[in-house]
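# Generate a structure from the sequence data that follows.
(chains A and B)
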Amino acid sequence: MADKRMEDGVVAGRLPAKELVANFADIHPPLDHHEASVAADRCYFCYDAPCVTACPTEIDIPLFIRQIAADNRIGAAKTIFDQNILGGMCARVCPTETLCEQACVREAAEGKPVRIGLLQRFATDAAMEQDAQFYERVASTGKRVAVVGAGPAGLACAHRLAMHGHDVVILEARERPGGLNEYGIATYKTVGDFAQDEVDYITDIGGIDIRYSQKLGRDFTLGELRGDYEAVFLGMGLGGVNDLRIENEAPEGLEDAVDFISRLRQADDKSKIAIGRRVVVIGGGMTAVDCAVQAKLLGAEDVTIAYRRGQEQMNASRYEQDLAASRGVTIKHWAMPVDLATDGGKITGIEMEYTKLGDTRLEGTGERFSLDADQVFRAIGQTLVPDDLSGAADALEIVAGRIATIDAHGTTNMQGVWAGGDCAAGGEELTVTAAAQGRDAAEAINMSLRA
Amino acid sequence: MADIRNDFVGIKSPNPFWLASAPPTDKAYNVERAFKAGWGGVVWKTLGEAGPPVVNVNGPRYGAIYGGDRRLIGLNNIELITDRDLQTNLREIKEVKAKWPDRAMIVSIMVPCEEQAWKSILPLVEETGADGIELNFGCPHGMSERGMGAAVGQVPEYIEMVTRWCKQTTRMPVIVKLTPNITDVRYPARAAKSGGADAVSLINTINSIVSVDLNDFAPEPTIDGKGSHGGFCGPAVKPIALHMVAEIARDPETAGLPISGIGGVTTWRDAAEFMSLGAGNVQVCTAAMTYGFKIIEEMTAGLSNWMDEQGHTTLDDVVGRATPNVTAWQYLNLNYVTKARIDQDKCISCGRCHIACEDTSHQAITNMVDGERRFEVIEEECVGCNLCVNVCPVEDCIDMVQLPAGATDERTKEKVSETYFNWTEHPNNPTAAKGTLEPAE
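Here you go, the predicted structure:
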């Protein structure tokens, strides 16, 4: 077989299958028992611990680490799940370096935080492997709640509602549950079928009916839900992707990063996924990094992330930036796309312009440069598609392209409708934030239904 | 460069670190390795009388407790005295002593509590050229049930009697090793002195059950489902040993009796502490059994460097220096007032000082100041107890600062007096005898 590494164009199978398997293995292998003991020993069991404050779901981190240190791994898992039923996923995908581990006092003391994320995984993996279930439903209330979207927000909400005795129907647009946990996260962060296993673990409580290929605005309307159910939780994420705002938006070789990441996650055989020899990713968030790193892992020779602002403004954490750099990705700051060069409808390069902060807004400097590219990904953020709300958008208040919430529990201005996760205003587009919002909305819905 | 050569009851060694009588000193192979590594001397593992050797268990002999990161802080053993043939031991002792004449060679002995038994073995030991003997009156398991070891050490009259037999029989200096498994260590020490002992060594191990296997509900180490008590040693016993050493050093009846300090010595600092309380040298076992003989390099260099820094030229400058400062509680100065001070630059905001004080002590440390997470001492509440210092994970982050004379103690609203004032004079003390100060020692 000819070596495809240096072949121009968008080509599948650039690397031998064995290398691909190694490249897409678990980026942070789980701690073994000894490693976990050593890591747990470092926790100071702080009072009013800063790590807990930094966690959007407020997991009692010192307690669960003390439980691990005292050889009570399953008890540790319960401590985690009490606050965050998606604790297993969060242990894998949370940017702990900007949350709990940044707040860890040992980060202040020695620049080496307790490895909270990996310890959380150590505990939750044990419970999930044993299928240790900690929660039972209280007596049925007979109330029915619709949850739109089987992503982190919807699952967290559904689980808590089920605990409280309500019957939950989750309406999921795609064929599988999990939302961005299933479709939107770099493969090396959640290997295997973890997202699906987690959904099974969560729905094991009972009272949760997930219906697939049910898309808001296509298969049902918000108005219908409000008529058919006693409460509605909107957790469908963001369906649209921002445009590059350049003239040539549709050549072959231009794709949304989220679609690429999704295709990659669903592909059992990574050698079937075609990738360019020279790849440019436009954007500065986690999605841009997930996309760029995986392009590199598939065998792209040159991968560049182009971001229109500076390093400090990137939504991707410094850790993620370093990860990209360590995999050979080039990050170019203060550059925005102007045009795509094509040949026969296929991308051959991208024209960029340097940017600077003007008096009020970002502006081009007038200086341009071009990069050779046979594939360009858009990772410049996702948007709510108001049409999906099928007219209800008029009644449902939208701020800055997100559903407005009037309190910390995701209450919207529309009677009987709550929202959380990426589609709601105020989130940080993190799994852990979505899990917190779904959980808190469920508590509010429960209060409302029992009032 | 400080001179750390040691002269203990006339026994000379290049440094004050001896290996205690224990598995590391059971045979020539180990002892020669120790001498090559730099140890100043050894107390050869306890010899018993001639005849069939003692028998050890064939299952586990040790158990342990751990601090953070599985650092061994306490070791428990159920091993007996040497299980090797007496003649083999005597031959090896003689060979090693001849080969290493500058090192201290002490032989530990334990034979039945009969005069003839001691009179029989002492000439054999003397013939090896050993520098001295140590009477094992401390072993708390296995041998004590046979009327030896701690069974002798717990009866002062027996200690005196056996010590006298030995002194009458041998030219060698006699060191009496004491058991801590008694109520007041001064009594066995006084008995040893009365019997003519040249020195005492302490502590031997403490009766212990180190842990319980919760699957089998059996003490550990577990032998076929059962366990028996063992002897506890290692860093965890050091405070108990220091106290006992100090008690003997400051007891008027035994003042001046040389002491070989034993119990959890792990670094040079531990040795310096034992010696400052009155030990003429130290014996080490658990640290060597945990880390190997190489630790002697840290110990000798550390002791020497510290002495240089402090201007101590010989060990005599150190030995017993802290003894006069050990006193009884009623003579502590009640006019010495301290308050905790937290160095905010060093504070990492773990909050342990706060919660320890809040939950279990005097509610004298904040956790919030002006809405910010911040830990400050509330002087009105602080009794100066030192708990915050002890639980703080950062060294030197919290200090106890003495209030100068004339300053106002915010807790009592009273001015600090410069006068020494103790409980014996305190008006709340029903037995206060006005003007009683600590008797001169």
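# A:Asp82: how many residues sit nearby?
The local packing of A:Asp82 (other CB atoms under 10 Å in any protein chain shown) involves 16 other residues. Placement of C-beta: from N, CA and C, glycine included.
# Surely it forms part of a helix?
Yes: A:Asp82 sits within a helix when classified using DSSP: H, G, I helix; E, B strand; the rest coil.
# got a pLDDT number for it?
Per-residue confidence at A:Asp82 stands at 98 (pLDDT).
# Under the pLDDT cut-off, which ranges of the stretch 1-150 of chain B? List them.
Counting by pLDDT under 70, the stretch 1-150 of chain B contains no low-confidence residues.
# Would you mind listing what in it touches chain A?
B:68-70 (CB under 8 Å from any CB of the partner chain).
# Now distance to B:Glu380 and secondary structure too, for the residues you listed, in a markdown table please.
As requested, these are exported to a markdown table (distance: CB to CB, whole Å; DSSP: H, G, I helix; E, B strand; the rest coil):
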| residue | distance to B:Glu380 | secondary structure |
| --- | --- | --- |
| B:Gly68 | 35 | helix |
| B:Asp69 | 39 | helix |
| B:Arg70 | 42 | helix |
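# In CSV, list those residues along with neighbour count and distance to A:Gly151.
As requested, the residues of the stretch 1-150 of chain B next to chain A are exported to CSV (neighbours: other CB atoms under 10 Å in any protein chain shown; distance: CB to CB, whole Å):
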residue, neighbour count, distance to A:Gly151
B:Gly68, 13, 40
B:Asp69, 9, 40
B:Arg70, 12, 41
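# tally of neighbours for the closest residue to chain A within chain B?
Using CB to the nearest CB, the closest approach of chain B to chain A is made by B:Gly351 at 3.2 Å. Counted by other CB under 10 Å, the residues lying close to B:Gly351 total 22.
# Without its sequence neighbours, what residue ends up closest to it?
A:Tyr47 (3.2 Å; CB to CB, 6 or more residues apart in numbering or on different chains).
# could you list every residue that touches the nearest residue in space to A:Asp204 that is not next to it in sequence?
Residue nearest to A:Asp204 in three dimensions, not counting chain neighbours: A:Gln133, with 5.8 Å by CB to CB, 6+ apart. A:Gln133 makes contact with A:201, A:204-205 under the criterion CB atoms under 8 Å, 6 or more residues apart in numbering or on different chains.
# Could you do B:Gly132 as well?
Counting by CB under 8 Å, 6+ apart, B:Gly132 makes contact with B:9, B:11, B:104, B:106-107, B:172-175, B:198.
# how does it look with 7 Å?
B:9, B:11, B:106, B:172-173, B:175 (CB atoms under 7 Å, 6 or more residues apart in numbering or on different chains).
# ok, those residues vs A:Asp388, which is closest?
B:Ile106 (88.6 Å; CB to CB).
# quick one, longest helix in the chain?
Picked chain A for this. Taking DSSP state H as the criterion, chain A has its longest helix at helix A:431-450.
# let's do chain B instead
Ranking each helix of chain B by length (DSSP H) puts helix B:295-310 first.
# residues making contact with it?
Contacts for helix B:295-310 (CB under 7 Å, 6+ apart): B:1-2, B:4, B:15, B:17, B:37-39, B:267-269, B:271-272, B:287-288, B:318.
# what are the ranges of the helices in chain B?
With helices called from DSSP H, chain B shows them at B:28-37, B:86-99, B:115-126, B:150-153, B:156-169, B:186-194, B:238-250, B:268-276, B:286-291, B:295-310, B:352-360, B:387-391.
# Can you lay out the ones you listed as CSV showing mean neighbour count?
Formatted as CSV, these follow (neighbours: other CB atoms under 10 Å in any protein chain shown):
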stretch, mean neighbour count
helix B:28-37, 17
helix B:86-99, 17
helix B:115-126, 18
helix B:150-153, 25
helix B:156-169, 20
helix B:186-194, 23
helix B:238-250, 22
helix B:268-276, 23
helix B:286-291, 21
helix B:295-310, 17
helix B:352-360, 19
helix B:387-391, 18
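# Ok, which of the ones you listed comes nearest A:Lys215?
Using CB to CB, the helices of chain B put helix B:352-360 closest to A:Lys215, at 51.0 Å.
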